[in-house]
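K.L.:
have a look at this prediction, sequence included:
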Amino acid sequence: MLPKRVERSFLYEQVASKITQLISQGTIRPGERVPSVRKISHQQRISISTALQAYFLLENQGLIEARPQSGFYVRTRSLRLPPEPKMTNPPLAATRVGVDELVAKVIEAAGNPAIISLGAGTVSTDLFPNQKLTRLLSSVARRTSLTSNTYDLPPGNGELRRQIARRSLEWGGTLSRDEIVITSGCTEALNLCLRAVAGPGDIIAVESPTYYVLLQIIESLRMKALEIPTHPRDGLGLDALTAAIERKAVRACVIMANHHNPLGSCMPEENKRNLVSILARKEIPLIEDDIYGDLFFGTERPKPAKAFDSRGLVLLCSSFSKTLAPGYRVGWTAPGRFRVAVERLKMVNTMGNPVLPQMMIAEFLQSGGYDHHLRKLRRAYANQVQLMSQAISRSFPEGTKVTRPLGGFVLWVELPASVDSLQLHREALARNISIAPGPIFSANQNYRNFMRLNCGGLWSDRIEQAVAALGQLVTKLARTV
């Protein structure tokens, strides 16, 4: 069942219509700057998120374009972006997961420097403050030589946990350091949280499509995945979830409410509140992956579902891998009422975490350097997502559809119905280009004519040529059927 159309969608269409009228009347001419997102938000008395959606709709219509660090301008020539995919409609069936072999091929390609990696969600290291981090790590090592070469048992470094707790104030959270457990990346956080709330054979409700590593974790724990319809802008379908938990014995739900991977969707705040309430009525834990929460394109950080949790049923997971230091593998979780269970699982899983990376990141957060870095990183990701969308528009055939993420750095691309993304994956690899084919994002291996493209690499002629080559392959495959 499709979710009811929310008021915010009506508002952004209404605002986009007003801007369109100004352009058609010549009030705002080609090449001129349209009002800033903040200004239009104030003028129309709408949220920043709604204003952004209005401008992204105008981009899709080929009326305006984004210019990095400058704003939105009326286009001097028309370039219509492909339309967006519709809400997904997976079968309501709990399924044993079997995506591990497919995922392994995508990950293997990501490690080959000869291959242009548009598949795995990796980020160009040039986007991170590597020299600053190295100097800070050396400084911390010199100052703490007597304490840094020892075991760091759960829950982890106290100062790092305090800094993470302080950052929760930005989204209205009131976390204390004692509620946080440090992990080896977000992957371990998700793994530990799933083990804390469910066991082999249990049914886990997930978005459809969903992040393939989550499916791998569910597969390794011998649990079952139940795919729930998901909208490319508003996220998990609450009506569909409500129906599913009435008909199936769902043990837990795992979501990515903010800048979902691969859809890029961001759940409206009211939907997050309702989601927490729906699950709480049946005492179903909600595991929330918020790894992309800080990578918003607007001016306000979206709240995680955890912000609406009053009963300790939301287990919030994140890390610094997508924002600062993927190689340091520093993640964390605030698992609510399941904290003790997660700590004990962490102890038997890896015993603890490396000490120096935790100390270094804690100091970087305390200094204010992290926020400065994030502002630049978000601008870079927003620009790269836009450039990738435009390249797809130029090179891909009729019938292609592309999402409009408001954060993160991945695009979900629907190809013409006759195109098999697994075949596209094989033919692209033969040309040293990797993609993430749609079936790896589904326990049922749905989405055969979909793929995810990574926009984390710095835009270059090499990437642009790879996208053009993909477009030629898609066109060829669409014609051969």
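P.N.:
Now that the structure is in, tell me what you want to look at.
K.L.:
shaky segments in this protein?
P.N.:
1-10, 24-26, 68-69, 76-79, 110, 146, 481 (pLDDT under 70).
K.L.:
go with 50
P.N.:
1-9 (pLDDT under 50).
K.L.:
domain parsing of this protein, as residue ranges.
P.N.:
1-79, 131-369 (automatic domain parsing).
K.L.:
residue 397: which of those domains is closest?
P.N.:
domain 1-79 (15.8 Å; C-beta to C-beta). Placement of C-beta: from N, CA and C, glycine included.
K.L.:
quickly find the element holding the residue lying closest to residue 153 once chain neighbours are set aside.
P.N.:
Ranked by C-beta to C-beta, 6 or more residues apart in numbering and with sequence neighbours excluded, the top spatial neighbour of residue 153 is residue 352, at 4.9 Å. Under the criterion DSSP states H and E, no helix or strand holds residue 352.
K.L.:
one more: residue 376?
P.N.:
Assigned by DSSP H and E, residue 376 falls in helix 369-395.
K.L.:
next SSE after the biggest strand by length in the chain?
P.N.:
For the chain, the longest strand by residue count, based on DSSP state E, is strand 224-231. The helix or strand immediately downstream of strand 224-231 is strand 235-236, counting by DSSP H and E.
K.L.:
if we can go back for a sec, ok, then the element right after the helix holding residue 376?
P.N.:
Immediately after helix 369-395, counting by DSSP H and E, sits strand 401-402.
K.L.:
so which elements touch that next one?
P.N.:
helix 369-395, strand 410-414 (3 or more C-beta pairs under 8 Å, 6 or more residues apart in numbering; DSSP states H and E).
K.L.:
list the helices and strands the shortest one packs on?
P.N.:
For strand 410-414, the elements it packs on are helix 369-395, strand 401-402, strand 450-454, judged by 3+ C-beta pairs under 8 Å, 6+ apart.
K.L.:
run me through the strand neighbours of the last one, direction for each.
P.N.:
The pairing partners recorded for strand 450-454 under DSSP bridges are strand 410-414 (antiparallel), strand 436-437 (antiparallel).
K.L.:
got the contact list for it?
P.N.:
With C-beta atoms under 8 Å, 6 or more residues apart in numbering as the test, strand 450-454 has contacts from 85, 117-122, 209, 261-262, 388, 392, 409-415, 421, 424-425, 435-438, 441, 467.
K.L.:
relative orientation of it and helix 369-395 in degrees?
P.N.:
130 degrees (axes from the mean of the first three to the mean of the last three C-alpha atoms, to 10 degrees).
K.L.:
which residues of the stretch 251-400 of the chain fall in strands?
P.N.:
Secondary structure of the stretch 251-400 of the chain (DSSP state E, counting those that start in this stretch): strands located at 286-289, 314-319, 331-334.
K.L.:
put the alpha carbons of the longest one into CSV.
P.N.:
Spelled out, it's strand 314-319. Extracted C-alpha coordinates of strand 314-319, given in CSV (Å, rounded to 0.1, in the frame of the first residue of the first chain):
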residue,chain,number,x,y,z
VAL,A,314,16.2,2.6,19.3
LEU,A,315,19.8,1.4,18.8
LEU,A,316,21.6,4.2,17.0
CYS,A,317,24.8,3.3,15.0
SER,A,318,27.3,5.4,13.2
SER,A,319,31.0,5.9,12.5
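K.L.:
please enumerate residues in contact with it?
P.N.:
Residues contacting strand 314-319 (C-beta under 8 Å, 6+ apart): 183, 185-186, 189-190, 193, 196-197, 276, 285-291, 293, 304-306, 308, 329-336, 338, 342.
K.L.:
report the buried residues of stretch 186-202.
P.N.:
Buried positions in stretch 186-202, judged by neighbour count with 16 or more other C-beta atoms under 10 Å: 186-198, 202.
K.L.:
with respect to burial, which of the domains of the chain scores highest?
P.N.:
domain 131-369 (a mean of 20; mean count of other C-beta atoms under 10 Å).
K.L.:
compute the first-to-last residue distance for that one.
P.N.:
13 Å (C-alpha to C-alpha, to the nearest Å).
K.L.:
from residue 433, how far out is the residue nearest to residue 153?
P.N.:
40 Å (C-beta to C-beta, to the nearest Å).
K.L.:
repeat for residue 354
P.N.:
Using C-beta to C-beta, residue 354 is found at 35 Å from residue 433.
K.L.:
could you do residue 54 as well?
P.N.:
Counting by C-beta to C-beta - residue 54 and residue 433 are separated by 34 Å.
K.L.:
could you do residue 415 as well?
P.N.:
In terms of C-beta to C-beta, residue 415 sits 15 Å off from residue 433.
K.L.:
got it, and residue 455?
P.N.:
15 Å.
K.L.:
I'd like to know how many residues surround residue 375.
P.N.:
8 (other C-beta atoms under 10 Å).
K.L.:
got a list of contacts for stretch 462-474?
P.N.:
Contacts of stretch 462-474 (C-beta under 8 Å, 6+ apart): 116, 118, 387-388, 391-392, 394-397, 400, 415-416, 419, 424, 427-428, 431, 433, 435, 453, 457.
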